[in-house]
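Asker: Curious how this folds, go ahead:
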Amino acid sequence: MDALLRVSNEYLGEIVHFLFGPQYRNILTRVIFAIPRLLHLFSPTWLIIRNEIIANVSVRVYYPKKRRSNAMILYLHGGGWTTLKPVDYDDLIFYFIKRLGMLIISVDYRRSPEYLYPIPIDDCDAVYRELVTIDYKRYGIDPTLIFLMGDSAGGNLAAVVAQRQLRAKFMKPKSQILIYPAIHPFDFQSPSYQQYHKFFSGCSMLNPRMMAQWYLHYLGVPVTRENTQKLLKNQHIQREGKQTNKLQFIIGHNLLPISFIDETDKNFEVKSVDDNLCAMLSKHVYNPDLAPIMGTNLEGLSDAMIITAGYDILRDEGTLYVRLLKSFNVSVCWKHYYHSYHGFLNMPFSAHKKKVLHDIANFIESKLHENS
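Answerer: Numbers count the residues shown, from 1 in each chain. The predicted model follows:
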């Protein structure tokens, strides 16, 4: 997997981007990320996997042959809103089914750049609402015991879907489990981004350029090198205005744990900006459907488990989301794994994977025991 990431992110990907453009680079990334699927030709004998439709959205349904719970997990996969598919998470899903004995449904939401924001969110939201209003009978689940889980971009989608139910006064998920989530697109120079450039530049893990380009793909903004660099320099956010002033109070670096900040790190600030880029992005970036950190009146939001990794550019925004939710008295279980990196749950031989999966399963079991 590490070798595949290097090919996609640093080597062949750069050549394809230069010669053919970002669309073809994204296609290459999808093809490369699909290679490990060759290992998923056979599923365990103790479950049945079916590709089905819920609310006109494709889903991958995992049926344990010996179900031990009427709860379920609704999984929203990562991949920068542009890559990966539910099948890429089979190993992770298998663990939870074996440990918890519950049905799991993974949403095969439509991906960018073919389908722009907010279509991936709308797909996930539609599946959730169909499950809690109608299809819970079809699947034999308790609609009050749906655990909403997602990683990276899927963690963003899960956070957004949870907030949507609160705003709509709709039945909320039992809990939301956000695994190294993407929470906002405002600060590409946070300490975790800066530390990537200092210590991990060129590594195969999620890198700043990739994250910036995924946001551009998602929002339908031209994925040019110029636009990418402007995001990385925080030149995509207006210097003045109500929303910009608010950012200082919710994503300021001084709000992070002291251990996350190096004395050489720069503070969050908006310098010279590109007015055209700001105009293209301002239609969406302050919306909590894109940036959950902008959520307001979050009292009563579903309990959360938020997982962050020490070697991850998204570390800081996940941590700040913990702080935001706690400020609204939302119950949050924050697990920070200091020596882990972004995407380790997709790595078959990760030393930290079993520990994190065990912790997530323990969290789910603890929430189910509250109902017993």
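
Asker: who touches the helix or strand hosting residue 75?
Answerer: Using DSSP states H and E, residue 75 falls within strand 72-76. Outside of strand 72-76, the residues within contact range by C-beta atoms under 8 Å, 6 or more residues apart in numbering are 86, 89, 93, 96, 100, 102-107, 109, 124, 127-128, 131, 139, 141, 145-150, 154-155, 157-158, 161, 173, 364. In this view, the C-beta of every residue, glycine as well, is placed from N, C-alpha and C.

Asker: try 7 Å this time
Answerer: 89, 93, 96, 102-107, 124, 127-128, 131, 141, 146-150, 154, 157-158 (C-beta atoms under 7 Å, 6 or more residues apart in numbering).

Asker: quick one: low-confidence ranges for the stretch 251-372 of the chain?
Answerer: 263-265, 268-271, 372 (pLDDT under 70).

Asker: Do a quick rundown of the strands in it.
Answerer: Shown for the stretch 251-372 of the chain, the strands assigned by DSSP state E, counting those that start in this stretch span residues 303-311, 332-341.

Asker: what about those strands, which gets the closest to residue 206?
Answerer: Residue 206 sits nearest to strand 332-341 of all the strands of the stretch 251-372 of the chain, at 8.3 Å, using C-beta to C-beta.

Asker: Distance from the chain centre to the closest one, please.
Answerer: 15 Å (C-alpha atoms, centre = their mean, to the nearest Å).

Asker: Can you add mean neighbour count and distance to residue 280 and give the strands of the stretch 251-372 of the chain back as JSON lines?
Answerer: Formatted as JSON lines, the strands of the stretch 251-372 of the chain follow (neighbours: other C-beta atoms under 10 Å; distance: least, C-beta to C-beta, whole Å):
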{"stretch": "strand 303-311", "mean neighbour count": "22", "distance to residue 280": "30"}
{"stretch": "strand 332-341", "mean neighbour count": "17", "distance to residue 280": "32"}
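
Asker: Quick one, which of the ones you listed gets closest to residue 38.
Answerer: Nearest of the strands of the stretch 251-372 of the chain to residue 38, taken as C-beta to C-beta: strand 332-341 at 24.3 Å.

Asker: Contacts for that closest one, please.
Answerer: 205, 304-312, 322, 325-326, 352, 356, 359, 363.

Asker: what's the angle between that strand and strand 303-311?
Answerer: Going by axes from the mean of the first three to the mean of the last three C-alpha atoms, to 10 degrees, strand 332-341 is angled at 20 degrees with respect to strand 303-311.

Asker: strand partners of strand 332-341, parallel vs antiparallel please.
Answerer: strand 303-311 (parallel) (DSSP bridges).

Asker: ok, residue 144 to residue 76 distance?
Answerer: 19 Å (C-beta to C-beta, to the nearest Å).

Asker: Those two: who's more crowded?
Answerer: residue 76 (30 against 14; other C-beta atoms under 10 Å).

Asker: What's opposite that one in the beta bridge?
Answerer: residue 107, residue 150.

Asker: so how far is residue 241 from it?
Answerer: 32 Å.

Asker: Doesn't residue 147 lie inside a strand?
Answerer: Yes - assignment of residue 147 by DSSP: H, G, I helix; E, B strand; the rest coil places it within a strand.

Asker: can you count the residues close to it?
Answerer: That count, for residue 147 with other C-beta under 10 Å as the rule, works out to 27.

Asker: Next, find the distance separating the residue nearest to it when sequence neighbours are not counted from residue 149.
Answerer: Counting by C-beta to C-beta, 6 or more residues apart in numbering, residue 147 lies nearest to residue 73, which is 4.8 Å off, once chain neighbours are set aside. For residue 73, the distance to residue 149 (C-beta to C-beta) stands at 5 Å.

Asker: So which elements touch the longest helix along the chain?
Answerer: Assignment by DSSP state H gives helix 353-369 as the longest helix of the chain. Counting contacts by 3 or more C-beta pairs under 7 Å, 6 or more residues apart in numbering; DSSP states H and E, helix 353-369 packs against helix 90-100, strand 175-179, strand 303-311, strand 332-341.

Asker: Columns distance to residue 47 on top of the ones you listed, output as TSV?
Answerer: Putting the helices and strands packed on helix 353-369 into TSV (distance: least, C-beta to C-beta, whole Å) gives the following:
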stretch	distance to residue 47
helix 90-100	6
strand 175-179	21
strand 303-311	24
strand 332-341	27
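
Asker: quick one, which of the ones you listed is nearest to residue 288?
Answerer: strand 175-179 (13.9 Å).

Asker: Does anything pack onto the closest one? Which helices or strands?
Answerer: strand 146-151, helix 153-167, strand 303-311, helix 353-369.

Asker: Tell me which of these sits most buried.
Answerer: Most buried of the helices and strands packed on strand 175-179 by mean neighbour count (mean count of other C-beta atoms under 10 Å) is strand 146-151; its value is a mean of 27.

Asker: Taking strand 72-76 as reference, get the angle to that one.
Answerer: Using the same axes, to 10 degrees: strand 146-151 against strand 72-76 is 30 degrees.

Asker: Could you measure from residue 154 over to residue 310?
Answerer: For residue 154, the distance to residue 310 equals 20 Å [C-beta to C-beta].

Asker: Next: residue 13.
Answerer: 26 Å.

Asker: ok, and for stretch 272-292, which residues are buried?
Answerer: Under the neighbour-count criterion of 16 or more other C-beta atoms under 10 Å, stretch 272-292 has 273-274, 277-278, 280-281, 284-286, 288-292 buried.
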